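> Return atomic coordinates for the entry below.
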Amino acid sequence: MRKLVGRNAAKLRKEKGLTQERLAEISGLSQQYISGLEQGRRNPTIVTVHELAVALGVSHLDLLQP
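The predicted structure is shown next:
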């Protein structure tokens, strides 16, 4: 699941033309956290999934879809 969320987050971030640094600014998460998440090394909480979805302007379900 963490790799799935990470892959989806990276894909959506790139589609929106955002850098990890910019996504960090928008979401309130650190760039290091986002990097680890995208690499599948972080276990995001439901709150983190929500914050990422809001920052990316997508539904939280978009981060959870296979």
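
> alpha carbons only for contacts and neighbour counts from here, please
Fine.

> need the longest helix for this protein.
helix 2-15 (DSSP state H).

> Any figure for the gap between the one residue sitting closest to the centre of the chain and residue 15?
Nearest to the geometric centre of the chain sits residue 9, at 3.7 Å (Cα atoms, centre = their mean). Going from residue 9 to residue 15 by Cα to Cα, to the nearest Å gives 10 Å.

> again with residue 5
15 Å.

> Give me the pLDDT value at residue 39.
At residue 39, the model reports a pLDDT of 97.

> so what's it up against?
Going by Cα atoms under 8 Å, 6 or more residues apart in numbering, residue 39 touches 3, 6, 7.

> Verify the stated contact: the second one with residue 40.
What that stands for is residue 6. Yes. Between residue 6 and residue 40 there is a contact under Cα atoms under 8 Å: 5.4 Å.

> So those two - more neighbours on which side?
residue 6 (24 against 17; other Cα atoms under 10 Å).

> Compare residue 5 and residue 15 (neighbour count), which wins?
residue 5 (25 against 10).

> Could you grab the helix/strand/coil label for the closest residue to the more buried one other than its chain neighbours?
Spatial nearest neighbour of residue 5, chain neighbours left out: residue 63 (5.3 Å); criterion: Cα to Cα, 6 or more residues apart in numbering. What DSSP: H, G, I helix; E, B strand; the rest coil gives for residue 63 is helix.

> How many neighbouring residues does residue 63 have?
Residue 63, neighbours per other Cα under 10 Å, totals 22.

> residues in contact with residue 33?
residue 42.

> before we move on, back to that, ok, and what's touching the longest helix of the chain?
19-20, 23, 37-44, 52, 56, 62-66.

> What is the next helix or strand after that helix packed up against?
Heading C-terminal from helix 2-15, the first helix or strand you meet, by DSSP states H and E, is helix 20-27. When contacts are defined as 3 or more Cα pairs under 8 Å, 6 or more residues apart in numbering; DSSP states H and E, helix 20-27 sits against helix 31-38, helix 46-56.

> Please consider this matter closed, and thank you.
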